[in-house]
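*Asks:* 3D, please:
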Amino acid sequence: MFKNHTLLDRLKKQHPYQFESLPALIPANGAEVAIEDATIDQIALAVIALENEICPVRQRINALHELYELARKRGALGAHCIGDTFSKEGQP
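*Replies:* Here you go, the predicted model:
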């Protein structure tokens with residue numbers, strides 16, 4: 001039996017690593033549009049919307065990374081508590 005492959009199926013087969021997570025639908029104008037029917041502008045807007053969603057997560061990751069690095073510079077080891085590391089007198 002012949003299977004009708006969608007554009008999304010073909011893209012995923014041709015470029016499995018690049019398009020593995022490509023969604024079938026993207027948000028557009030308050031609704032969802034099939035990726036095959038999406039305009040370039042709709043894809044660009046979907047990218048911006050996703051970036052806006054992950055921005056707070058990225059900021060938390062960066063803040064935690066900075067806290068970790070600062071604690072390590074103060075001599076903290078893996079089992080040390082952050083509160084103890086920053087409560088030591090004489091350290092900035």
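*Asks:* what residue ranges in this structure score low on pLDDT?
*Replies:* Within the chain, the ranges that satisfy pLDDT under 70 run 1-5, 89-92.
*Asks:* for it, what spans make up the helices?
*Replies:* 7-14, 16-19, 40-73, 82-87 (DSSP state H).
*Asks:* could you dump the ones you listed to a markdown table with distance to Ile26 and mean neighbour count?
*Replies:* Placement of C-beta: from N, CA and C, glycine included. Converted to a markdown table, those look like this (distance: least, C-beta to C-beta, whole Å; neighbours: other C-beta atoms under 10 Å):
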| stretch | distance to Ile26 | mean neighbour count |
| --- | --- | --- |
| helix 7-14 | 11 | 13 |
| helix 16-19 | 13 | 10 |
| helix 40-73 | 4 | 11 |
| helix 82-87 | 40 | 12 |
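*Asks:* how close does the spatially most central residue of the chain get to Thr39?
*Replies:* Note on the chain: the residue nearest the mean C-alpha position is Ile54, at 5.4 Å, using C-alpha atoms, centre = their mean. Between Ile54 and Thr39 the distance, using C-beta to C-beta, to the nearest Å, works out to 23 Å.
*Asks:* Distance from stretch 42-57 to the middle of the chain?
*Replies:* 9 Å (C-alpha atoms, centre = their mean, to the nearest Å).
*Asks:* And stretch 47-66, by the same measure?
*Replies:* The answer for stretch 47-66 is 7 Å, by C-alpha atoms, centre = their mean.
*Asks:* again, but for stretch 23-31
*Replies:* Taking the mean C-alpha point of stretch 23-31 and that of its whole chain, the gap between them comes to 18 Å (C-alpha atoms, centre = their mean).
*Asks:* And for stretch 35-55?
*Replies:* Here the centre of stretch 35-55 is set off from its chain's centre by 13 Å, with C-alpha atoms, centre = their mean.
*Asks:* just stretch 76-84 next, same as before
*Replies:* Here stretch 76-84 shows a centroid-to-chain-centroid distance of 28 Å under the convention C-alpha atoms, centre = their mean.
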